[in-house]
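> sharing a model prediction with you, sequence too.
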Amino acid sequence: MNDLVSIIITNYNYGKFLSRAIRSCLSQEHLHFEVIIIDDNSEDESHNILESFSFLPKEKIRVFKNKENKGVAFSSNFGLQRSIGRFCIRVDADDFIAPETCYFLKTYLQKNKEAFCVSCDYWLVDEYENKIKRQYAKEKNISCGIMYRRDLLLELGGYNEDMRHREEEELRKRLGSKYKIHHLQLPFYRYRMHDCNKTKSNEYLKTKI
């Protein structure tokens, strides 16, 4: 049975943090996985960062580059459609994950057949990776760090590409109570706080679900 986990990173101008995100995904333990990166036409040093990983085999890491800026939802769907894992998880390019993240989330889905997806708790960290505050995903979800059954996510249409922001919230609302998110109370995800967080932008804050 396919137990491959597809880790999808979408990036736009997060070159400053991108290498850390990629390295954390490549460091997943006790796991058969692939890393898929979609660069959304970045204008910073992201290209050079991605090139530095080009020596790795394509079975382990694949990089795609949009010819124009398409947004997170489009890029996520693009990666989802090209992934081959039984399970998939998104990691933002400015965040990172603990080495055991995917193993525990995958194991939960394998043992709980009724679960469509599962999230984990997370630490807010500063720009230098110092821990600020532990957050409980059941109380305050974020868009990444949620592992899905890939076939079901594709069957349900993936992310709404009309949403330039808050695409994960729209997905949860669209799926409704039939597909509740399960939670692990283990803080595996690291959500980095910095001046360029997408969630601080006026465009994000004005987006209605």
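Happy to help now that I have it. Residues are numbered from 1 along each chain as shown.
> all contacts plus neighbour counts: C-alpha atoms, from now on.
Fine.
> so in terms of bridging, what pairs with the residue nearest the centre of the chain?
When Cα atoms, centre = their mean is applied to the chain, the residue found nearest the centroid is residue 90 (1.6 Å). Beta-bridge partners for residue 90, by DSSP bridges, are residue 8.
> measure it to residue 80 for me?
Noted for residue 90: a distance of 9 Å to residue 80, by Cα to Cα, to the nearest Å.
> overlap in contacts of these two?
residue 8 (Cα atoms under 8 Å, 6 or more residues apart in numbering).
> all strands for this protein, in order.
5-11, 33-39, 61-65, 87-92, 96-97, 117-125, 131-135, 146-149, 181-192 (DSSP state E).
> what lines up beside the second one in the sheet?
What that stands for is strand 33-39. According to DSSP bridges, strand 33-39 forms sheet pairs with strand 5-11 (parallel), strand 61-65 (parallel).
> how much space between the closest residue to residue 99 other than its chain neighbours and residue 75?
Distances taken as Cα to Cα, 6 or more residues apart in numbering put residue 28 closest to residue 99, at 4.4 Å, once the chain neighbours are dropped. Applying Cα to Cα, the value for residue 28 to residue 75 is 23 Å.
> look at those two and report which has more neighbours.
Set side by side, residue 28 and residue 75 show more neighbours around residue 75, with 25 against 17, by other Cα atoms under 10 Å.
> for the more buried one, what are its contacts?
10, 38-40, 66 are the contacts of residue 75 under Cα under 8 Å, 6+ apart.
> and those residues, which two are furthest apart?
The largest distance within the contacts of residue 75, taken as Cα to Cα, falls between 10 and 66 and amounts to 10.6 Å.
> quickly list what's touching both of those two.
38-40, 75.
> JSON lines please, covering those residues and showing pLDDT.
Putting these into JSON lines (pLDDT from 0 to 100) gives the following:
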{"residue": "38", "pLDDT": "99"}
{"residue": "39", "pLDDT": "99"}
{"residue": "40", "pLDDT": "98"}
{"residue": "75", "pLDDT": "97"}
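> if you rank those by neighbours, which is first?
residue 39 (27 neighbours).
> ok, now how distant is it from residue 76?
10 Å.
> can I get the shared contacts of residue 10 and residue 66 in a markdown table with distance to residue 6?
Listed next are these as a markdown table, based on distance: Cα to Cα, whole Å:
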| residue | distance to residue 6 |
| --- | --- |
| 38 | 13 |
| 39 | 16 |
| 40 | 19 |
| 75 | 14 |
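> list the buried residues of stretch 119-132.
Neighbour-count burial for stretch 119-132 flags 119-125 (criterion: 16 or more other Cα atoms under 10 Å).
> tally of neighbours for residue 50?
Neighbours around residue 50, by other Cα under 10 Å: 18.
> correct me if wrong: residue 184 contacts residue 121.
Yes - if you go by Cα atoms under 8 Å, residue 184 and residue 121 touch, sitting 6.7 Å apart.
> circling back to that earlier point, which one of the strands of the chain is the most hemmed in?
Of all the strands of the chain, strand 5-11 carries the top mean neighbour count, a mean of 27, counting by mean count of other Cα atoms under 10 Å.
> tell me what angle that strand forms with strand 87-92.
Per axes from the mean of the first three to the mean of the last three Cα atoms, to 10 degrees, the angle that strand 5-11 makes with strand 87-92 is 20 degrees.
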